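Participant: Would you be able to build a 3D model of this:
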Amino acid sequence: MRFDNKVTVITGAGSGIGRATAVELGKQGAKVVLVGRTKEKLEETAALLEGNGDVFPADVTSESDVENLASYVKETYGHLDILINNAGGSAQGKILNLSSSEWDYVQDINLKSVFLVSKMLGNVMADRQRSENDRAIVNVSSLSGHKAGAHIPHYSAAKAAVMNFTRALAFELAPYKIRVNSVSPGFVETPLTEDGLQNERFKSSIERNTALQRVGKPEEIAKVIAFAASTDASYMTGTDLLVDGGWLIV
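Facilitator: Below you'll find the model as predicted:
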């Protein structure tokens, strides 16, 4: 199997794209450490993995929590092969009315978390030389990082920064034979978009403005993340894969 016995950490693994990615990698043999703030949701994901899921509740915006996660991975598994930085979140807000706390929350969950987890778990990955290009980090950015979304300036800024951070990290980790790429989903059915999709007018607008004329599914994004994490992408690093159903070409 493509990820047979590969030790993998996925943040935001309790639902949506994170859960779908855990299932995708798990069914291909990965040993998946499921990270998120809600233990119950992580356990629901673990139940889908047929024994390949290991639950580790943590707040990835907390330096001490991420330190504990890195220590756990090293002590339990001895090494790390794949890291998926998927945790994120958004909120509505216009720039002229946006509070500092609202800005900080969105930056922390979408950008600071990627920095903390990449730094501390990147050290675990770099600590052991493996076969050439068989280790990878995949950061989940967003279509909003390519094109600013209405009333989500803090989210758009954070996701654009994730893509540039990915490039910088790819350069720094290349000597360790660790590849780093990002994946930018378009509009996908997740708990984050659930409320909006219940509004038929809003859903129809999304479909009209997408070349494929439909909303994406978490499993579709998970397959692209799996590709970027696999040795099928062994000569790809420092790039972003846009998976938006053709939103930007309409």
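Participant: how about residue 80, what does it touch?
Facilitator: Taking C-beta atoms under 8 Å, 6 or more residues apart in numbering as the criterion, residue 80 is in contact with 7, 8, 9, 73, 74, 121, 124, 125, 135. Using the backbone N, CA and C atoms, a C-beta is placed for each residue, glycine as well.
Participant: what's around the last one, how many residues?
Facilitator: Neighbour count of residue 135, defined by other C-beta atoms under 10 Å: 27.
Participant: Name the nearest residue to it, ignoring sequence neighbours.
Facilitator: Closest residue to residue 135 apart from its sequence neighbours, by C-beta to C-beta, 6 or more residues apart in numbering: residue 178 at 4.7 Å.
Participant: Same check on the first one?
Facilitator: Spatial nearest neighbour of residue 7, excluding adjacent residues (C-beta to C-beta, 6+ apart): residue 77 at 4.6 Å.
Participant: This structure: strands as residue ranges?
Facilitator: For the chain, strands defined by DSSP state E occupy the ranges 7-11, 31-36, 53-57, 82-85, 135-140, 178-185, 240-243.
Participant: where in this structure is pLDDT low?
Facilitator: 129-133 (pLDDT under 70).
Participant: Pick out the residue nearest the middle of it.
Facilitator: residue 86 (2.0 Å; C-alpha atoms, centre = their mean).
Participant: Spit out the contact partners of residue 128.
Facilitator: 78, 79.
Participant: How much space separates it from residue 8?
Facilitator: Noted for residue 128: a distance of 15 Å to residue 8, by C-beta to C-beta, to the nearest Å.
Participant: How about residue 213?
Facilitator: 34 Å.
Participant: and those two? which has more neighbours close in?
Facilitator: Using other C-beta under 10 Å as the criterion, residue 213 and residue 8 rank with residue 8 on top: 27 against 13.
Participant: partner residues bridging that one?
Facilitator: Beta-bridge partners recorded for residue 8 (DSSP bridges): residue 32, residue 82.
Participant: just residue 181 next, same as before
Facilitator: Under DSSP bridges, the beta-bridge partners of residue 181 are residue 138.
Participant: Would you mind confirming that it is in contact with residue 235?
Facilitator: No - look at residue 181 against residue 235 with C-beta atoms under 8 Å: they stay out of range, at 11.3 Å.
Participant: Looking only at neighbour counts, state which of those two leads.
Facilitator: When neighbours are counted by other C-beta under 10 Å, residue 181 and residue 235 differ, and residue 181 comes out ahead with 25 against 8.
Participant: residues contacting the more buried one?
Facilitator: 136-139, 166, 170, 228, 233, 236-241.
Participant: mind listing what residue 239 touches?
Facilitator: Residues near residue 239 by C-beta under 8 Å, 6+ apart: 181, 182.
Participant: Sweet, I'm off.
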